[in-house]
Every structure is written in C-alpha cells, then in structure tokens.
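# Structure for the following, please:
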Amino acid sequence: MTEVVGEVFRKLYAPGSKSERVAVMLKVGDEELLLRRAGGNPFQDDILEGLVGKQIRARGQRIDVGLIMESWEEV
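Model (predicted):
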C-alpha cells in the first residue's frame, strides 16, 4: 500500500492513442499519476471528478503511472 499527498486535476492522457481521454490525475511533487478508484469506472468516475481542484492524501496500489485508490481524505 502506497500513501501520497497531492492535488487532483484533469489532463489529456495518452494523446494520439486509443486510450486518449481527459483523465483525473494526481500531482505528487514532479510526478503526475493517473488516478483511479478501486471498483470505480476507469473512464468516468463522478466521485473522482468531485475531487478535482482539491488536495488529498490517497492510499492505494501503484501500478505503472497510476494509483488505484483504496481510500483518501482531503488535507
């Protein structure tokens, strides 16, 4: 389990590929992580959308360039 603190934002992800979309991301220092919620829809998650613009502490599993959140809290 990984714990990180960062700001949630939207960004064009994987431009020019089949996976291209505006995704919810987490800015952690110099790193940008693709953010997903365990059990949530990977392409459209209204709960994640509600976190955009907020600073959070997220706990979850790191996978490549992403984080699958198990839990989070605003900080």
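# you'd agree residue 40 is up against residue 48?
Yes - between residue 40 and residue 48 there is a contact at 6.7 Å, judged by Cβ atoms under 8 Å. In this view, the C-beta of every residue, glycine as well, is placed from N, C-alpha and C.
# Need the pLDDT of the residue lying farthest from the centre of the chain.
Relative to the C-alpha centroid of the chain, counting by Cα atoms, centre = their mean, residue 16 is the outermost residue, at 20.3 Å. Residue 16 carries a pLDDT value of 96.
# tell me which element it is part of?
According to DSSP states H and E, residue 16 maps onto no helix or strand at all.
# quick one: the strands in the protein?
Secondary structure of the chain (DSSP state E): strands located at 2-13, 21-28, 31-37, 55-63, 66-74.
# Would you tell me which of the ones you listed gets closest to residue 44?
strand 21-28 (8.9 Å; Cβ to Cβ).
# Neighbouring strands - and their directions - for that closest one?
The strands beside strand 21-28 in its sheet (DSSP bridges) come out as strand 2-13 (antiparallel), strand 31-37 (antiparallel).
# Export only the CA atoms of that strand, formatted as PDB.
Taking Å, rounded to 0.1, in the frame of the first residue of the first chain, the C-alpha atoms of strand 21-28 are listed here in PDB:
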ATOM      1  CA  ARG A  21      -9.100  10.900 -22.900                       C
ATOM      2  CA  VAL A  22      -9.300  13.700 -20.400                       C
ATOM      3  CA  ALA A  23      -8.400  11.900 -17.200                       C
ATOM      4  CA  VAL A  24      -8.300  12.700 -13.500                       C
ATOM      5  CA  MET A  25      -4.700  12.900 -12.300                       C
ATOM      6  CA  LEU A  26      -2.900  13.400  -9.100                       C
ATOM      7  CA  LYS A  27       0.100  15.800  -9.000                       C
ATOM      8  CA  VAL A  28       2.600  14.500  -6.400                       C
END
